[in-house]
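K.L.:
Requesting a structural model of the entry that follows:
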Amino acid sequence: MQLSNEIPMTLPDERYRAVVQTEKFLKEILSTPRVPKAIKDRARSCLRHYPSDYDMTRAAAAAPDVFAERMEDLHRFVAAGQRAAEAEDSELLRGYKES
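P.N.:
Residues are numbered from 1 along each chain as shown. I've put the predicted structure just below:
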């Protein structure tokens, strides 16, 4: 769980992959024989309105800062560095406020 004052550390392509992998996981639950019916019903319910590949492609095009199918290596490197610097600054400020 992310606290309101924490800086998110997820990159757009990581978020995109998380959505895609979650769909695969939910479908795997449905095809696994020993999973209880209540869990399968819940997975099926979650998948009912789950974003399709088309939806995810459109989301990535409309909001590339939120979802990205792929991120160029240079952009990923720069974004990760910026987030690390912001996290470090946040830690320094937090330490300063506590003292």
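K.L.:
what about the helices in this protein?
P.N.:
In the chain, the segments counted as helices under DSSP state H are 12-31, 37-48, 53-62, 73-98.
K.L.:
For the second one, which helices and strands make contact with it?
P.N.:
Other elements packing on helix 37-48 under the criterion 3 or more Cβ pairs under 8 Å, 6 or more residues apart in numbering; DSSP states H and E are helix 12-31. Using the backbone N, CA and C atoms, a C-beta is placed for each residue, glycine as well.
K.L.:
list the buried ones in the helix it packs on?
P.N.:
12-13, 15-16, 23, 26, 29 (16 or more other Cβ atoms under 10 Å).
K.L.:
Could you provide these in TSV, with additional columns for distance to Asp55 and pLDDT?
P.N.:
Listed next are the buried residues of helix 12-31 as TSV, based on distance: Cβ to Cβ, whole Å; pLDDT from 0 to 100:
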residue	distance to Asp55	pLDDT
Pro12	16	88
Asp13	17	88
Arg15	14	92
Tyr16	11	94
Glu23	11	97
Leu26	15	97
Ile29	21	96
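K.L.:
looking at the helices of the chain, which has the lowest confidence?
P.N.:
Here the lowest mean pLDDT among the helices of the chain goes to helix 73-98, at a mean of 69.
K.L.:
Go ahead and flag the most central residue of this protein.
P.N.:
Per Cα atoms, centre = their mean, the C-alpha nearest to the average position across the chain is that of Arg15, at 2.9 Å.
K.L.:
wait, it sits on Glu69?
P.N.:
No: if you go by Cβ atoms under 8 Å, Arg15 and Glu69 don't touch, sitting 10.9 Å apart.
K.L.:
got the contact list for the residue nearest to the residue nearest to the centre of the chain when sequence neighbours are not counted?
P.N.:
Distance criterion Cβ to Cβ, 6 or more residues apart in numbering; nearest residue to Arg15, sequence neighbours excluded, is Phe67 at 5.9 Å. Residues near Phe67 by Cβ atoms under 8 Å, 6 or more residues apart in numbering: 12, 15-16, 19, 56, 59-60.
K.L.:
Name the member of those with the shortest distance to Ala80.
P.N.:
The closest of those to Ala80 turns out to be Pro12 (Cβ to Cβ; 11.9 Å).
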